[in-house]
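Student: Whatever this is, show me its structure:
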Amino acid sequence: MSAVDRALGHLAGFAMWCLGSLPLGGLQALGRLFGGMGARGNRRESRVSRVNVQLCFGALAPAERERLRRECMQHTACVMLECGRIWTRPASVSLGWIREVVGLEHLDAARAGGRGVIVAAPHLGNWELFGRFLASLGPMSLVYRPPQWAPAGSLLIRGRGGDAVEQLVAQPGSVRGMLRALKGGRLLGLLPDQQPKVGEGSFAPFFGVEALTMTLLSRLAARANVAVVFGFAERLPRGAGFRVHFLPAPAGIDAEDERTALTALNAGIEACVRVCPAQYQWTYKRFSRRPAGEANPYHVGHSKHGPPSGTA
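Tutor: Just a heads-up that it's a prediction; the model follows:
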């Protein structure tokens with residue numbers, strides 16, 4: 001890491017620490033302000049969210065889609081600002097934001113007898129807070145994709161619990177460590193909705209749209225013979241805190257047939273998103289890789305004619 005990167009990393013850490021001095025209500029008020037401003041512009045996130053909402057909620061009236069997109073931008077900004085407090089203060093501070101836990105019995109049943117569990121945590125609500133909550137329940141390993149900027153990676157590792165949470169890079173060479181964690185009875189946190197690299201996934205429907213979907217999670221569940229549980233931390237209105245949800249995985253998520261397993265995986269993500277659809281990360285180019293013969297919906301020339309409608 002260069003001296004410039006180290007200096008910028010320290011500056012970014014200081015900025016996050018300063019943000020962390022604000023109360024939750026203040027952070028979320030700023031998030032609504034900045035996100036609302038971003039929704040009115042033509043930045044990348046604004047354009048991408050418009051395409052995604054059209055693809056996945058094409059049956060909604062235009063005004064409803066625009067409201068969903070605007071709220072999505074606000075919630076996305078809230079996540080970024082909330083992390084200033086989550087990553088720079090003791091875990092007890094952000095865990096104090098959690099007002100309710102729904103469906104914990106699904107996780108308890110999956111852990112019965114000391115078994116490991118794969119916890120699939122979509123980019124919904126505040127996934128960093130959800131990770132903190134998981135780490136409070138016992139030994140945990142986390143699979144993550146390192147950011148391109150090295151100092152940000154260091155900040156993430158410290159902010160997500162440091163040595164208290166085993167952090168495994170999402171790459172083929174880490175599969176052995178993931179299996180070891182599961183067979184050792186640990187919780188293994190995975191973000192299941194990131195678009196995988198070519199060769200590491202196959203297409204399956206997500207909100208009625210074919211999406212390149214990771215095969216890693218389903219294969220791990222089958223090889224380790226463990227259960228999968230979905231979870232997320234839903235943001236409550238007006239700075240009231242968060243509600244943590246756990247949902248059981250759809251049947252077939254560990255099926256030998258790949259299409260069956262990946263369809264179940266995406267159905268589990270979709271069930272989570274439908275609880276609070278505006279809190280999903282619709283600013284991510286989830287559908288950029290397409291089946292043969294289909295155009296990338298985020299390309300300007302394609303988007304101006306409008307992407308194909310999905311299901312609501």
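Student: all contacts plus neighbour counts: C-alpha atoms, from now on.
Tutor: OK.
Student: Quick check: the residue nearest the centre of the chain vs residue 116, distance?
Tutor: Most central in the chain under Cα atoms, centre = their mean is residue 123, positioned 1.9 Å from the mean C-alpha point. Residue 123 sits 22 Å away from residue 116, going by Cα to Cα, to the nearest Å.
Student: follow-up on the earlier one: is it true that the residue nearest to the centre of the chain touches residue 282?
Tutor: No: with contacts counted by Cα atoms under 8 Å, residue 123 stays clear of residue 282, the gap being 9.1 Å.
Student: For the chain, which segments count as strands?
Tutor: Applying DSSP state E to the chain gives strands spanning 98-102, 117-120, 140-144, 166-169, 187-190, 201-206, 209-214, 227-235, 242-248.
Student: In a markdown table, list those strands along with mean neighbour count.
Tutor: Converted to a markdown table, those look like this (neighbours: other Cα atoms under 10 Å):
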| stretch | mean neighbour count |
| --- | --- |
| strand 98-102 | 14 |
| strand 117-120 | 27 |
| strand 140-144 | 21 |
| strand 166-169 | 19 |
| strand 187-190 | 24 |
| strand 201-206 | 20 |
| strand 209-214 | 23 |
| strand 227-235 | 26 |
| strand 242-248 | 21 |
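Student: looking at those strands, which has the lowest confidence?
Tutor: Mean pLDDT per stretch puts strand 166-169 lowest among those, at a mean of 86.
Student: Outside of that strand itself, list whatever touches it.
Tutor: 140-146, 157, 174, 177-178 (Cα atoms under 8 Å, 6 or more residues apart in numbering).
Student: Name every strand pairing with it and say which way it goes.
Tutor: In the sheet containing strand 166-169, its partner strands are strand 140-144 (parallel), by DSSP bridges.
Student: So what's the gap between the partner strand and the chain middle?
Tutor: Relative to the chain's own centre, strand 140-144 is displaced by 13 Å; criterion: Cα atoms, centre = their mean, to the nearest Å.
Student: What of stretch 114-123?
Tutor: On Cα atoms, centre = their mean, the centre of stretch 114-123 falls 13 Å from that of its chain.
Student: okay, how far is it across that stretch, tip to tip?
Tutor: 27 Å.
Student: surely residue 165 meets residue 141?
Tutor: Yes: between residue 165 and residue 141 there is a contact at 5.7 Å, judged by Cα under 8 Å.
Student: which residues sit in contact with the closest residue to residue 50 other than its chain neighbours?
Tutor: Of all residues not flanking residue 50 in the chain, residue 69 sits nearest, at 6.4 Å (Cα to Cα, 6 or more residues apart in numbering). Residues near residue 69 by Cα under 8 Å, 6+ apart: 39, 49-50, 53, 278, 282.
Student: Which one of those residues is nearest to residue 194?
Tutor: residue 282 (11.7 Å; Cα to Cα).
Student: And the contacts of strand 166-169, which is closest to residue 267?
Tutor: After measuring these against residue 267 - Cα to Cα - the closest member comes out as residue 143, at 21.0 Å.
Student: beta partners of the closest one?
Tutor: Here residue 143 sits in beta bridges with residue 168, going by DSSP bridges.
Student: Tell me how many other residues surround the nearest residue to residue 26 once chain neighbours are set aside.
Tutor: What sits nearest to residue 26 in space, not counting adjacent residues and going by Cα to Cα, 6+ apart, is residue 239, at 8.0 Å. Using other Cα atoms under 10 Å, residue 239 has 15 neighbouring residues.
Student: Excluding covalently adjacent residues, which one is nearest to residue 288?
Tutor: In space, residue 288 is closest to residue 296, 5.3 Å off (Cα to Cα, 6+ apart).
Student: picking that back up, and the residue nearest to residue 50, what pLDDT?
Tutor: 97.
Student: What separation do you get for it and residue 280?
Tutor: For residue 69, the distance to residue 280 - Cα to Cα - is 10 Å.
Student: likewise residue 210?
Tutor: When Cα to Cα is applied, the distance between residue 210 and residue 280 equals 18 Å.
Student: just residue 104 next, same as before
Tutor: From residue 104 to residue 280 the distance is 21 Å (Cα to Cα).
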